[in-house]
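[1] The following block contains a protein sequence and its predicted model.
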Amino acid sequence: MGNILQIHHPNLLRSTYPTTFDTRLHHHRHHHPFNCHLNEKPFLKMKTQSILATLAAAGTAFSAAIDVRQMSQYPVSNFSASCNPEGVCDYSFDMVTGMDLSTTCTGQSKNGSGAGTFGPVEKVSCADPKYAFSVEFPPHTDSPADDAPVLLIKVDVDGAEGPSSGSHPILKAEILGEVQGEVSVEKYTGPAEFAIAVVPVV
């Protein structure tokens, strides 16, 4: 409690009166809307949530700013390619396009150098249309060595800083021929993960 002023008088009973300071304190505690009954936890919780929301928004903006168009390599995963006896070959892979971002690319080729063999794929958009891929034949001899590229997986990026492009070679040793019925079909057996380096297109 506050300071107590005691008054003693021979003709008065002993009395106690709160001082001005004590009276104001007493009034503050019992009448002020933000007195000792104020619970600060909800306020702190709201403040914490506000700070976390701000940080999350800043992280999203930062993630969007670090676009793959500014990267020099595209990490590829789950790459697969195979043909069927009808001469249709399917290509599919996932590609990282930024911080916590990725896209899926799929395409088909028909009638390569023979039934069931890999052929070129015209430029086709990935799930994210800013990215596209194609499959091309590189210049090579009729009988390339096992470590010679026989296909090129090409990636094109429609970037804000201008277009960029890059490719990854598929080697002869990474393609296996399997007999299905009376037809030999080709299947990719190389690594499912690799990186495609890109450079600006001038």
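    Yep, that arrived.
[2] Got the domain ranges for this protein?
    4-65, 68-200 (automatic domain parsing).
[3] which of those has the lowest average pLDDT?
    Of all the domains of the chain, domain 4-65 carries the lowest average pLDDT, namely a mean of 48.
[4] what number of residues lie near the closest residue to K130 other than its chain neighbours?
    Distances taken as Cβ to Cβ, 6 or more residues apart in numbering place D158 nearest to K130, at 4.9 Å, with adjacent residues excluded. To be clear about C-beta, it is placed using only N, CA and C from the backbone, and glycine gets the same treatment. The tally of other residues near D158 (other Cβ atoms under 10 Å) stands at 14.
[5] didn't D158 look like it was pressed against C126?
    No. D158 is beyond contact range of C126, at 10.9 Å (criterion: Cβ atoms under 8 Å).
[6] shared neighbours, the two?
    Counting by Cβ atoms under 8 Å, 6 or more residues apart in numbering, the contacts common to D158 and C126 are A132.
[7] quick one, strands of this protein?
    All strands of the chain, identified by DSSP state E, fall at 4-7, 15-18, 73-83, 88-98, 101-110, 121-125, 131-136, 149-157, 164-171, 175-180, 183-188, 194-197, 199-200.
[8] Tell me who's in contact with the residue nearest to K130.
    Taking Cβ under 8 Å, 6+ apart, we find D158 in contact with 129-132.
[9] can you check Q180 too?
    84-85, 116.
[10] Quick check: it vs A192, distance?
    Using Cβ to Cβ, to the nearest Å, we find Q180 at a distance of 22 Å from A192.
[11] try V96
    From V96 to A192 the distance is 14 Å (Cβ to Cβ).
[12] Which one's more surrounded, the two?
    V96 (17 against 13).
[13] Can you tell me the closest non-neighbouring residue to that one?
    Leaving aside its sequence neighbours, V96 sits nearest to P75 (Cβ to Cβ, 6+ apart; 4.3 Å).
[14] pretty sure the one you found contacts F93?
    No. Applying Cβ under 8 Å, one finds P75 not in contact with F93, separated by 10.4 Å.
[15] Mind checking which of those two has more residues around it?
    F93 (24 against 15).
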